[in-house]
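J.: Pasting the sequence and the predicted coordinates here, then a few questions.
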Amino acid sequence: MNWKTDLRLADLDACTLLEATCKRCGHTRYERQSELVRWPELARGHLDEIEKALRCLKADCSGGVRIALLHDDRVEAWDDEMMMI
């Protein structure tokens with residue numbers, strides 16, 4: 001288990017930003033929790049499910065993305081190994 005499987009989109013504050021970085025082309029965009037919960041298929045999903053559903057928005061790419069939480073203008077993207085330190 002990690003933070004993406006533990007947290008649901010609904011657990012986040014409405015003003016929380018998610019950073020979505022394309023794994024193929026590197027394009028980065030920011031999605032606000034309040035916008036993502038408007039999508040019925042995402043509203044009750046865990047963050048790992050949100051990550052799988054989102055795609056790059058560049059017209060010639062549409063690759064999968066990696067998400068990270070933004071908090072106080074800092075990226076919070078830790079994994080289980082870092083939490084064990």
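T.: Alright, I've got the coordinates.
J.: alpha carbons only for contacts and neighbour counts from here, please
T.: OK.
J.: tell me, which helix in this structure spans the most residues?
T.: The longest helix of the chain (DSSP state H) is helix 47-53.
J.: Name the residues of it that come out as buried.
T.: Using 16 or more other Cα atoms under 10 Å as the test for burial, helix 47-53 gives Leu47, Asp48, Glu49, Ile50, Glu51.
J.: Is the residue nearest the centre of the chain within a helix or a strand, and which one?
T.: By Cα atoms, centre = their mean, the mean C-alpha position of the chain lies nearest to Ile67, the distance being 3.4 Å. Take DSSP states H and E as the rule and Ile67 turns out to sit in strand 65-71.
J.: Alpha carbons of that strand, as PDB, please.
T.: The C-alpha coordinates for strand 65-71 follow below in PDB (Å, rounded to 0.1, in the frame of the first residue of the first chain):
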ATOM      1  CA  VAL A  65       0.700  10.600 -16.300                       C
ATOM      2  CA  ARG A  66       2.300  10.400 -12.900                       C
ATOM      3  CA  ILE A  67       0.500  12.500 -10.200                       C
ATOM      4  CA  ALA A  68       1.900  14.300  -7.200                       C
ATOM      5  CA  LEU A  69       0.200  16.400  -4.500                       C
ATOM      6  CA  LEU A  70       1.000  20.100  -4.200                       C
ATOM      7  CA  HIS A  71       0.900  21.500  -0.800                       C
END
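J.: Redo the buried residues of helix 47-53 as CSV? Include distance to Lys4 and pLDDT.
T.: Listed next are those as CSV, based on distance: Cα to Cα, whole Å; pLDDT from 0 to 100:
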residue, distance to Lys4, pLDDT
Leu47, 5, 96
Asp48, 5, 96
Glu49, 8, 96
Ile50, 9, 96
Glu51, 9, 96
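J.: Including distance to Thr5, could those residues go into CSV?
T.: Below are the buried residues of helix 47-53 laid out as CSV (distance: Cα to Cα, whole Å):
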residue, distance to Thr5
Leu47, 6
Asp48, 6
Glu49, 8
Ile50, 10
Glu51, 10
